[in-house]
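[1] Okay, here's the prediction I keep looking at, along with the sequence it came from:
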Amino acid sequence: MKATTTVEGNDLVITRRIAAAPQAIWDAWTDADKLAQWWAPRPWRVTRALIEPRAGGRFVTVMQGPDGEAADCPGDADAEGCILEAVAPRRIVFTDAMSGGYRPNATPFMTAIITMDPDGDGTIYAARVLHRTERDRQRHQDMGFAEGWGTCIEQLAALVE
């Protein structure tokens, strides 16, 4: 099953049913070694991952392209994010507006709400990515949100199924 992407105001929402329990998906999100296996759309890779799954915890992922290039992301591609909410094994919310300990970042771009809702023997996985303005949301779409996040969800599914 492929992921479905929708636009809801300034939000981008991507959803997919994954044939694994919410706990398996939660583990793939909250274990930095597992996160590094699926968080970047191949042939890109995560060269550094750190996640502290608690409110105020740090969330850091550094991505590198196949030729060693850095990710072309809004703000600082290597900036630290902040976990706003972590409710195992159902929900994790993070933002690039702050770093760990709720320290403000210079160039906020998005907040992501990840939900993992039980569905029989699987999970309805959804990522709602909030943007401050329509321009920011459009910029994220133009960067390839559906393809990039969709690829990552497929990689996540392959890891946990």
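    Thanks, I have the structure now.
[2] Nearest residue to residue 30 in space, please, no chain neighbours.
    Once its chain neighbours are removed from consideration, residue 30 has its nearest residue in residue 53; the separation is 4.3 Å (C-beta to C-beta, 6 or more residues apart in numbering). No exception for glycine: its C-beta is placed from N, CA and C like everyone else's.
[3] wait, doesn't residue 153 sit right on residue 4?
    No - with contacts counted by C-beta atoms under 8 Å, residue 153 stays clear of residue 4, the gap being 10.2 Å.
[4] Let me see the contact set for residue 33.
    Applying C-beta atoms under 8 Å, 6 or more residues apart in numbering, one finds that residue 33 lies in contact with residue 49.
[5] which element follows the strand or helix carrying it toward the C-terminus?
    Residue 33 is part of helix 32-38, with elements assigned from DSSP states H and E. Next helix or strand after helix 32-38 toward the C-terminus (DSSP H and E): strand 45-51.
[6] buried stuff in that following strand?
    Buried positions in strand 45-51, judged by neighbour count with 16 or more other C-beta atoms under 10 Å: 46, 49, 50, 51.
[7] May I see those residues organised as TSV, with pLDDT and distance to residue 123 added?
    Rendered in TSV, the data for the buried residues of strand 45-51 read as follows (pLDDT from 0 to 100; distance: C-beta to C-beta, whole Å):
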residue	pLDDT	distance to residue 123
46	94	22
49	94	22
50	95	24
51	97	19
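[8] Mind pulling up the pLDDT for the residue nearest to residue 30?
    Residue-level confidence at residue 53 comes out at 98, pLDDT.
[9] Just the pLDDT at the residue of the chain most remote from its centre, thanks.
    The C-alpha centroid of the chain is most remote from residue 120, which lies 24.0 Å away (C-alpha atoms, centre = their mean). Looking at residue 120, its pLDDT is 97.
[10] For residue 15, see how far away it is.
    Residue 120 sits 16 Å away from residue 15, going by C-beta to C-beta, to the nearest Å.
[11] same question, residue 145
    13 Å.
[12] Please enumerate the helices of this protein.
    Taking DSSP state H, the helices of the chain run over residues 22-30, 32-38, 134-142, 145-160.
[13] pLDDT averaged over the shortest one, what's the number?
    For helix 32-38, mean pLDDT rounds to 97.
[14] Check the third one too.
    Mean pLDDT, taken over the full extent of helix 134-142, equals 95.
[15] now it, how far from the centre of its chain.
    Averaged C-alpha coordinates place helix 134-142 at 16 Å from its chain's average position (C-alpha atoms, centre = their mean, to the nearest Å).
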